[in-house]
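Engineer: I'd like to go over a predicted model; first the sequence, then the structure.
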Amino acid sequence: MNNNKKFFSIAIVVVLIVGFGLFLTREEKPKEEAVAIRMLDSSSTVNSWEIVKKLTGRDILEEEGVKLELISNLPSLGGSQNIQALLANNIDRGSGATLIWVNAIAAGGKIRAVVGSARTTKERPWGYWSVLEDSNISSVEDFKDKKIAVGGLGTYMDTYTIGFLKEKGLSKSQVQIVVVPSDQQEQMLRSKQVDIAVLSERYFVAAKKRGGIKAIVSDYDLLKKETVITFQGFREDFITKHPDTIRRYVTAFEKSERLVWEEFQKDPERVRKAASEIIKEKEGNPGAQIYYPGWSPSSPFIKDEDVQIYIDWFVDDGILKPRQLKPSDVYTNEFNSYYKK
């Protein structure tokens, strides 16, 4: 009996020692090592984490353990080229308009959006169809036979132009759409090489400050409700292999967006100056960044309705079959620690 007690006592001690050792081993196991994320960074782009570092000295990417491999010194690139590079595995993080994501995924692209980048609202539309103040163009009906500058074919502005035309019973064949980089559109408009320039918010605000330019319509006039209109995301194989890396990136993006907004509330001109300096350092055109507007901390979380708009458009145009694609095929908020259902 005594021998049995000794045996069980020794066995319990051994189990406890082994269990404690396994516990220590589990606790000491390092987190998933963040991998470098390849992404495009054009000379006309300013990232929120860059502004935070310029203003406060804080390196949000380092704080969150994010490693980036920037493919930079590029001119302004449209979302279509960005998503094409993502699909071709030339980059890991892509960025572009919602409709470009929907179009690519509908065509079989294995990519998924994980965070919203910008939205259009009644107070702050994202895109403006702009003309010279002395232009005889006063409505979409007047776009007929006119030359319209957009950032790229198949882009947000190109598709919305077609949407405006359809709404008024016109077709794309009744206008001349030309591709002009965003930072050159104002110049093309002022020199009358185009009749209409589709300017994003920061370019429009900068142009309007200089005078002589007005807007005919905005993207909000077509949507008629607040909508997230640009996404960032990754290939599905990258998401499967590196979920922690994506969580770190999304956290760093969201945190830096909120910090920039805080600084913008204190001193807008200081933020705009920092944005202009960053663009100058990238050898881009810093002019438009003088009017960098900043983003609210209610920054855009993606919703089903933000995606369904474009699915419905593509179904109406015969590009998609009804119920062929659903919003959850396009995006997920699961990597966003700021998102609450």
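Structural biologist: Yes, it's here. In this text the structure is predicted, and so the values were computed from the model without any measurement.
Engineer: Count the neighbours of the residue nearest to residue 196 when sequence neighbours are not counted for me.
Structural biologist: Of all residues not flanking residue 196 in the chain, residue 148 sits nearest, at 4.5 Å (C-beta to C-beta, 6 or more residues apart in numbering). The way it works is simple: take the backbone N, C-alpha and C, and place the C-beta from them, glycine included. Neighbour count for residue 148, taken as other C-beta atoms under 10 Å: 22.
Engineer: Make sure residue 148 is actually in contact with residue 189.
Structural biologist: No: if you go by C-beta atoms under 8 Å, residue 148 and residue 189 don't touch, sitting 10.2 Å apart.
Engineer: Per-residue pLDDT of residue 242, please?
Structural biologist: For residue 242, the model assigns a pLDDT of 97.
Engineer: And the spatially closest residue to it that is not a sequence neighbour, how far from residue 42?
Structural biologist: Distance criterion C-beta to C-beta, 6+ apart; nearest residue to residue 242, sequence neighbours excluded, is residue 35 at 5.5 Å. Using C-beta to C-beta, to the nearest Å, we find residue 35 at a distance of 23 Å from residue 42.
Engineer: With residue 151 instead?
Structural biologist: Distance from residue 151 to residue 42, by C-beta to C-beta: 11 Å.
Engineer: Those two: who's more crowded?
Structural biologist: residue 151 (26 against 21).
Engineer: list the contacts for that one?
Structural biologist: Residue 151 is in contact with 76, 78, 157, 158, 179, 180, 181, 182, 185, 198, counting by C-beta atoms under 8 Å, 6 or more residues apart in numbering.
Engineer: doesn't residue 93 make contact with residue 233?
Structural biologist: Yes: with contacts counted by C-beta under 8 Å, residue 233 reaches residue 93, the gap being 7.3 Å.
Engineer: Please, where are all the helices along the stretch 201-341 of the chain?
Structural biologist: In the stretch 201-341 of the chain, the segments counted as helices under DSSP state H, counting those that start in this stretch are 201-210, 219-223, 236-241, 243-266, 268-281, 304-316.
Engineer: Show me what the shortest one packs onto, helices and strands only.
Structural biologist: Helix 219-223 makes packing contacts with strand 111-120, helix 156-167 when contacts are defined by 3 or more C-beta pairs under 8 Å, 6 or more residues apart in numbering; DSSP states H and E.
Engineer: before we move on, back to that, got the helices of the stretch 201-341 of the chain as JSON lines, with mean neighbour count and distance to residue 131 columns?
Structural biologist: Below are the helices of the stretch 201-341 of the chain laid out as JSON lines (neighbours: other C-beta atoms under 10 Å; distance: least, C-beta to C-beta, whole Å):
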{"stretch": "helix 201-210", "mean neighbour count": "19", "distance to residue 131": "11"}
{"stretch": "helix 219-223", "mean neighbour count": "20", "distance to residue 131": "15"}
{"stretch": "helix 236-241", "mean neighbour count": "15", "distance to residue 131": "42"}
{"stretch": "helix 243-266", "mean neighbour count": "20", "distance to residue 131": "30"}
{"stretch": "helix 268-281", "mean neighbour count": "18", "distance to residue 131": "26"}
{"stretch": "helix 304-316", "mean neighbour count": "18", "distance to residue 131": "25"}
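Engineer: Of all those helices, which one is nearest residue 172?
Structural biologist: Of all the helices of the stretch 201-341 of the chain, it is helix 304-316 that lies closest to residue 172, at 14.1 Å by C-beta to C-beta.
Engineer: quick one on the thing from earlier: so which of the helices of the stretch 201-341 of the chain is nearest residue 164?
Structural biologist: helix 219-223 (6.0 Å).
Engineer: How far does the closest one sit from its chain's centre?
Structural biologist: Distance, stretch centre to chain centre, for helix 219-223: 19 Å (C-alpha atoms, centre = their mean, to the nearest Å).
Engineer: neighbouring contacts of that helix?
Structural biologist: 120-122, 125-127, 156, 160, 163-164, 167, 229, 309.
Engineer: how about 7 Å then?
Structural biologist: 120, 121, 122, 125, 126, 127, 160, 163, 164, 309 (C-beta atoms under 7 Å, 6 or more residues apart in numbering).
Engineer: Just the buried subset of those residues, written out for PyMOL, thanks.
Structural biologist: In PyMOL syntax, the buried subset of the contacts of helix 219-223 is picked out as below (16 or more other C-beta atoms under 10 Å):
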select buried, resi 120+125+126+127+160+164+309
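Engineer: ok, residue 141 touching residue 167?
Structural biologist: No: if you go by C-beta atoms under 7 Å, residue 141 and residue 167 don't touch, sitting 10.2 Å apart.
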